[in-house]
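S.K.: pasted the sequence and its predicted model underneath.
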Amino acid sequence: AQTVTQSQPEMSVQEAETVTLSCTYDTSENNYYLFWYKQPPSRQMILVIRQEAYKQQNATENRFSVNFQKAAKSFSLKISDSQLGDTAMYFCAFMKLQGAQKLVFGQGTRLTINP
Amino acid sequence: GAGVSQSPSNKVTEKGKDVELRCDPISGHTALYWYRQSLGQGLEFLIYFQGNSAPDKSGLPSDRFSAERTGGSVSTLTIQRTQQEDSAVYLCASSSNRGPYNEQFFGPGTRLTVL
């Protein structure tokens, strides 16, 4: 079975700063996907960024980028030039390539961006 | 509709009562997932429907939980004889399942409170 661990329950930074959220996972699979989701107070889960395990290049989406270390089973999210609208819960998630493709989530990190 | 919808948005019930939660997936999406998010926790998988195949019920926590998907579209999650530990946000997601990776689009969830 796969597990996902987020060791930072809460983080807080000032607007415009850079922040990194940590995530580690455990799996015996070789091919899989990793995700970061954002959940604002509205409860809507929003996909922030996706990484395919077979790709060595780290994914980037505007101010969001990941540091994917497959051997270490580490998948951190970096948010550059943080904005007030980035305040939310952030969840790291794992998905096998085959089968039901159900998501396995970490416990989440509550990120607060302060003005 | 434009996205996944869920009803009701909030549900308060008394211990021992049965509840039904509804999910309307994105039109044309063949895959549908139910997840549960307990207070301060990540999401845990409950059940997965894919087309006409038998559902993957491996995440249902007890036999008080059941779900059905009629006509390959709308899904209902039923919890019988509710307990206080069933209090959580229940999220539904759908995906198209057309390729190796199929993004799951989430609804806003139903917050269930069992008194």
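M.R.: Noted; the coordinates are in hand. Residues are numbered from 1 along each chain as shown, chains lettered A, B, ... in the order given.

S.K.: kindly report the residues of chain A close to chain B.
M.R.: A:4, A:6, A:33, A:42-45, A:47, A:50, A:52, A:91, A:97, A:100-108 (Cβ under 8 Å from any Cβ of the partner chain). Yep, even glycine has a C-beta here, placed from its N, CA and C like the rest.

S.K.: those residues, buried ones only, as a PyMOL selection?
M.R.: Of the residues of chain A next to chain B, the buried ones go into a single PyMOL selection, burial set by 16 or more other Cβ atoms under 10 Å in any protein chain shown:
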select buried, chain A and resi 4+6+33+43+44+45+50+52+91+100+101+102+103+104+105+106+107+108
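
S.K.: of the residues of chain A next to chain B, which belong to strands?
M.R.: A:4, A:33, A:47, A:50, A:52, A:91, A:103-105 (DSSP state E).

S.K.: could I get these in JSON lines, plus columns for pLDDT and distance to B:Ser75?
M.R.: Formatted as JSON lines, those follow (pLDDT from 0 to 100; distance: Cβ to Cβ, whole Å):
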{"residue": "A:Val4", "pLDDT": "96", "distance to B:Ser75": "25"}
{"residue": "A:Tyr33", "pLDDT": "94", "distance to B:Ser75": "24"}
{"residue": "A:Leu47", "pLDDT": "94", "distance to B:Ser75": "21"}
{"residue": "A:Arg50", "pLDDT": "95", "distance to B:Ser75": "25"}
{"residue": "A:Glu52", "pLDDT": "93", "distance to B:Ser75": "29"}
{"residue": "A:Phe91", "pLDDT": "97", "distance to B:Ser75": "22"}
{"residue": "A:Leu103", "pLDDT": "94", "distance to B:Ser75": "17"}
{"residue": "A:Val104", "pLDDT": "95", "distance to B:Ser75": "21"}
{"residue": "A:Phe105", "pLDDT": "96", "distance to B:Ser75": "20"}
